[in-house]
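*Asks:* Generate a structure from the sequence data that follows.
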Amino acid sequence: MNRLILTCLLCALSVPQVRAEIGVKQQLDLGRYRQHVSTLASDEFGGRAPLSGGEKLTLDYLSQAFKAMGLQPGFGDSYLQPVPMASIRAEQQMQLQIGDLSFTNGSDFTARTERISDTVTLKDSDLVFAGYGINAPEYGWNDYRGLDVKGKTVIVLVNDPGFATQDPQVFKGNALTYYGRWTYKYEEAARQGAAAVFIVHETAPAAYGWGVVRNGNTNVKFTLVDDKQNRDRLGVMGWLQHDAAQKIFARAGLDFEALKTRAAKPGFAPVALQQKVKLQLRNHIEQAQSYNVLALLPGSERPDEVVMLQAHWDHLGTTTEAGKTQVFNGAVDNASGVAGVLELARIFKQAADRKPFKRSIMFSSFTAEETGLIGAQYFAAHPVVPTKNIVAFLNIDGMNVNAGVDYILQYGQGVSEMEDYLQRFASAQQRSVKADPKAQNGLMFRSDHFALAQQGVPGLLFMSLGDTDPDYIAHKYHKGADDYDPSWSLKGVEQDLDLIGNMLAELANNRAWPKWLEASDFKQRRALDGR
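*Replies:* Alright, predicted model coming up:
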């Protein structure tokens, strides 16, 4: 073989197969991007809460933007996929009574429910400590072994034993597993028949302060509704301040810190706390429809195969306490991501007008991510295209609005072949791939890509919350200070949208179906689809 030809072939194999003619970086309009963020994160949009006036403004804005680009509606003849759900607001004057101790809502505890019921009552419910509240056969761990919790109130610890021990042989060591997520703990307790669960909050293992718990659980919450009106869900989903937990254990004559240490070791036995629990939730319930936003760029050769780019549109809305109104505008989380989807959608439509992509591309923005990935869960259960036809799911949840960096974060390791794509496209920008520095936070399970992963669709999370702004998590995340700032340089946005866009272009033109790497429910689910 001619040496020059061989050299060229080797070069081609070592270079990412990027559609350079798209010119993502060259076509980015950061002024337009700023306009999207500043509008979506303005007080006029009221914090973009589902089922609010801010939702209608947001849906209109996104639908009109996609229509103006010339993208097709992604849900029949509409850009909006209805998501039937309920809003539940518990009256906040409740008090938690445990034995002769009384606790104040918001400062000592939070409590809510997903049951469609006007009242949920705990009346003299027995109290028990069940360690981490985990039943994980593959790790040889069952905190509920030999324990009957039917009708009882269970106190559990946040995160999982791997984080507590920092032992890589225990669960996944510092890296959070799904068993450490609060969602799992409520799900497992419901399977066990418990009446209520209170998770003890601590900032380090939770990865956020009490203010995030309070703001996320004392406002209106949203849920999907099943044909049983969610009666199989946990009756009371609660959190306890660390100090409140210590008082409860002390009143039972027990040392909370000592029991916490024991709970991180195999064979821990649950402990009855010899106290009764009283609490009543009085709920105001509204059943209504929220909406996912879907826009489609049809492929020319394999239109049934779809690559998705997504960013959730919702945030926490507006609250009023002591006569003071606060708007949670969510500029970084996640107006920044939605603006990124809009800007890439514009660029890709213009590129497709010149040369169509072989696969279809769906640009989406789901509802109610902040209250449990509800829009994503609904889409995953009621996809507009079969999930077996979704090649990959790229999810933006909080962009780096500051200076560019010489790396990109990777959430999860050895999970899927999508990591190979990330490595190649980062290398093309002379950037390294940096392992998630806060693997204990479990971000793999905390954004919309997780709902699609549960249906077997591999994906990547692009997130920079707090990574380039050390003040963000402490003072802005899920707080009123997450506002648009015109001084943002957006250099990080520029480099990340260039990377994401080039990756999206390759996936939309190649024939590859990225595979799951590690044995998991995700891999098993994809295998059922023959992928």
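
*Asks:* Not counting its neighbours along the chain, what's nearest Leu465?
*Replies:* Gly398 (4.1 Å; C-beta to C-beta, 6 or more residues apart in numbering). To be clear about C-beta, it is placed using only N, CA and C from the backbone, and glycine gets the same treatment.

*Asks:* need the contact list for the one you found.
*Replies:* Applying C-beta atoms under 8 Å, 6 or more residues apart in numbering to Gly398 gives the contacts 332-334, 336-337, 463-465.

*Asks:* quick one, phi/psi of it?
*Replies:* Backbone torsions of Gly398, given as degrees, to the nearest 10, read phi 100, psi 110.

*Asks:* Could you report the neighbour count for Gln166?
*Replies:* Neighbours of Gln166 under the rule other C-beta atoms under 10 Å: 11.

*Asks:* what's the neighbour count on Arg282?
*Replies:* Arg282, neighbours per other C-beta under 10 Å, totals 14.

*Asks:* try Pro437
*Replies:* 9.

*Asks:* residues in contact with it?
*Replies:* 409, 467.

*Asks:* State the three-state secondary structure for it.
*Replies:* At Pro437 the chain is in coil, as set by DSSP: H, G, I helix; E, B strand; the rest coil.

*Asks:* for it, phi and psi?
*Replies:* Dihedral angles (degrees, to the nearest 10) for Pro437: phi -70, psi -10.

*Asks:* any idea whether the closest residue to His382 other than its chain neighbours is helix, strand or coil?
*Replies:* Spatially, and ignoring its direct neighbours in sequence, His382 is nearest to Gln81 (7.8 Å; C-beta to C-beta, 6+ apart). When classified by three-state DSSP, Gln81 comes out as strand.

*Asks:* Look up how far Gly54 lies from Gln81.
*Replies:* Relative to Gly54, Gln81 is positioned 19 Å away (criterion: C-beta to C-beta, to the nearest Å).

*Asks:* Which residue lies nearest the spatial centre of the chain?
*Replies:* Ser447 (1.8 Å; C-alpha atoms, centre = their mean).

*Asks:* who are the neighbours in contact with that residue?
*Replies:* 312, 369, 373, 395, 397, 461, 463.

*Asks:* Repeat the analysis, applying 10 Å as the threshold.
*Replies:* Going by C-beta atoms under 10 Å, 6 or more residues apart in numbering, Ser447 touches 310-312, 334, 337, 369, 373, 376, 395-398, 411, 459, 461-463, 465.

*Asks:* dump the residue contacts of the closest residue to Pro73 other than its chain neighbours.
*Replies:* Using C-beta to C-beta, 6+ apart and skipping residues adjacent in sequence, the residue nearest Pro73 is Tyr79, 4.8 Å away. By C-beta under 10 Å, 6+ apart, the residues touching Tyr79 are 59, 62-67, 71-73, 291-296, 363-365.

*Asks:* same thing but 7 Å
*Replies:* 63, 66, 73, 293-295 (C-beta atoms under 7 Å, 6 or more residues apart in numbering).

*Asks:* same question, Ile347
*Replies:* 22, 24, 27, 501.

*Asks:* And for Ala311?
*Replies:* By C-beta under 7 Å, 6+ apart, the contact set of Ala311 is 334, 337-338, 340-341, 365, 396-397.

*Asks:* Give me the neighbour count for the residue nearest to it when sequence neighbours are not counted.
*Replies:* Nearest non-adjacent residue to Ala311, counting by C-beta to C-beta, 6+ apart: Gly337, 3.3 Å away. Other residues near Gly337 come to 28 when the count uses other C-beta under 10 Å.

*Asks:* and Gly337, what helix or strand is that in?
*Replies:* Assigned by DSSP states H and E, Gly337 belongs to helix 336-354.

*Asks:* buried stuff in that helix?
*Replies:* 336-349, 351-352 (16 or more other C-beta atoms under 10 Å).

*Asks:* do the same with stretch 352-369
*Replies:* Using 16+ other C-beta under 10 Å as the test for burial, stretch 352-369 gives 352, 356-357, 359-369.

*Asks:* just stretch 190-198 next, same as before
*Replies:* Neighbour-count burial for stretch 190-198 [16+ other C-beta under 10 Å]: 190, 192, 194-198.

*Asks:* From those residues, which land in helices?
*Replies:* Judged by DSSP state H, the subset of the buried residues of stretch 190-198 located in helices is 190, 192.

*Asks:* Looking at the buried residues of stretch 190-198, which is nearest Asn389?
*Replies:* Each of the buried residues of stretch 190-198 was checked against Asn389 using C-beta to C-beta; the closest is Ala190, at 32.4 Å.

*Asks:* pLDDT at the closest one, what is it?
*Replies:* Looking at Ala190, its pLDDT stands at 97.

*Asks:* just Ile22 next, same as before
*Replies:* Value for Ile22, per-residue pLDDT: 82.

*Asks:* How much space separates the residue nearest to it when sequence neighbours are not counted from Lys67?
*Replies:* Of all residues not flanking Ile22 in the chain, Ala351 sits nearest, at 4.5 Å (C-beta to C-beta, 6+ apart). With distances taken as C-beta to C-beta, Ala351 is found 18 Å from Lys67.

*Asks:* Tell me which residues are up against the helix or strand where Tyr378 lies.
*Replies:* For Tyr378, the host element (DSSP H and E) is helix 374-381. Residues from elsewhere that reach helix 374-381 (C-beta under 7 Å, 6+ apart): 81, 83, 85, 222-224, 290, 292, 312, 366-369, 387, 448, 451-452, 454-455.

*Asks:* Kindly recompute the last result at 6 Å.
*Replies:* Residues from elsewhere that reach helix 374-381 (C-beta atoms under 6 Å, 6 or more residues apart in numbering): 83, 222, 224, 292, 366-368, 448, 451-452, 455.

*Asks:* can you check stretch 174-192 too?
*Replies:* Contacts for stretch 174-192 (C-beta under 6 Å, 6+ apart): 133-136, 144, 149, 154, 156, 159-160, 166, 171, 197, 199, 233-234, 237, 439-440, 442, 445.

*Asks:* hmm, 7 Å instead?
*Replies:* Taking C-beta under 7 Å, 6+ apart as the rule, stretch 174-192 contacts 133-136, 144, 149, 154, 156, 159-160, 162-163, 166, 171, 197, 199, 232-234, 237, 372, 439-442, 445.

*Asks:* If you count neighbours, what's buried in it?
*Replies:* 175-182, 184-190, 192.

*Asks:* what's the residue lying closest to Gly99 once chain neighbours are set aside in contact with, if anything?
*Replies:* In this structure, Gly99 finds its nearest non-sequential neighbour in Gln275, 3.9 Å apart by C-beta to C-beta, 6+ apart. By C-beta under 7 Å, 6+ apart, Gln275 lies in contact with 98-99, 127, 251-252.

*Asks:* For ChimeraX, write a command that selects the buried ones of the residues you listed.
*Replies:* Applied in ChimeraX, the following selects the buried portion of the contacts of Gln275 according to 16+ other C-beta under 10 Å:
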select :98,127,252
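
*Asks:* Can you flag which of the contacts of Gln275 belong to helices?
*Replies:* Arg251.
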